[in-house]
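In: A structural model of the following input is requested.
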Amino acid sequence: AAVLWATNPGGIKSDSSHIVQAGSARQLATRRNVVKMLVACACVYFLCYAPIQALFLSRSIFKLRFQPPYAVVLLLNALAVTCSASNPLLYALFSTRFRKRLKALLSPLSPTQATDRYSSINGGPRNSFPVYI
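Out: The predicted structure is shown next:
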C-alpha cells in the first residue's frame, strides 16, 4: 500500500513532457484508488469476522463458557459470509471501470445490440476466435 500510494514508486524517472505527466497523474490516482479499496476491504473484513472470532477466541483463550443463543451464532456466521458478498459492492464503489462494464453487461438490449456492445467492450467481434476442425 505504501509503494502504491507513493508519488514516485521505486524512484522511477519520468520525462517532463505534459503527456507523460498527465499519464503519471492518472496512474497515481488509479494506484491511490486501489489503496483506498484495499483499506476498505480490510475494514469490512475485520468488521464482518471480528464478532464470530471474538466468540471463538473468548472460548479458547479465556475459557469462557458463555453460550449465546443459537440465533445469535447464526447471525454472526451470516455476517461473516456477508463479507464475501460485500466485495463486488466495494469494487463498484471504488472502480469506475468496473461500474461501466457492469452497467454495460446488465443493461437490457436486443441480440444485435448485445453483440455490438460485447464487441466494443471486449475489443473485437464475438466470433473472432480461430476455429480448428
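
In: Phe66: neighbour count?
Out: Phe66: 8 surrounding residues under other C-beta atoms under 10 Å. Heads up, the C-betas are built off the backbone N, CA and C, glycines and all.

In: Could you find the closest non-adjacent residue to it?
Out: Ser58 (6.9 Å; C-beta to C-beta, 6 or more residues apart in numbering).

In: That neighbour: helix or strand, and which one exactly?
Out: Counting by DSSP states H and E, the element that carries Ser58 is helix 18-60.

In: Tell me which other helices or strands that helix touches.
Out: helix 2-5, helix 70-94 (3 or more C-beta pairs under 8 Å, 6 or more residues apart in numbering; DSSP states H and E).

In: Ala6 and Val35, how far apart?
Out: Ala6 sits 10 Å away from Val35, going by C-beta to C-beta, to the nearest Å.

In: again with Tyr70
Out: Counting by C-beta to C-beta, the gap from Tyr70 to Val35 is 40 Å.

In: Please say which of those two ends up with more neighbours.
Out: Comparing Tyr70 with Val35 by other C-beta under 10 Å, the one with more neighbours is Val35, at 14 against 8.

In: Confidence-wise, which helix or strand of this structure is lowest on average?
Out: Every helix and strand in the chain was compared by mean pLDDT, DSSP states H and E; the lowest is helix 111-122, with a mean of 57.

In: Any stretches of the protein with poor pLDDT?
Out: Within the chain, the stretches falling below the threshold (pLDDT under 70) are 8-23, 109-133.

In: Who are the contact partners of Leu79?
Out: With contact set as C-beta atoms under 8 Å, 6 or more residues apart in numbering, Leu79 has these partners: 48, 51-52.

In: Compare these and tell me which is most surrounded.
Out: Neighbour max across these (other C-beta under 10 Å) = Cys48, 20 neighbours.

In: isn't that residue right next to Ala78, touching?
Out: No: counting by C-beta atoms under 8 Å, Ala78 is not a contact partner of Cys48; they are 9.6 Å apart.

In: what's Leu57 in contact with, if anything?
Out: Counting by C-beta under 8 Å, 6+ apart, there are no residues that Leu57 touches.

In: Thanks a lot, see you next time.
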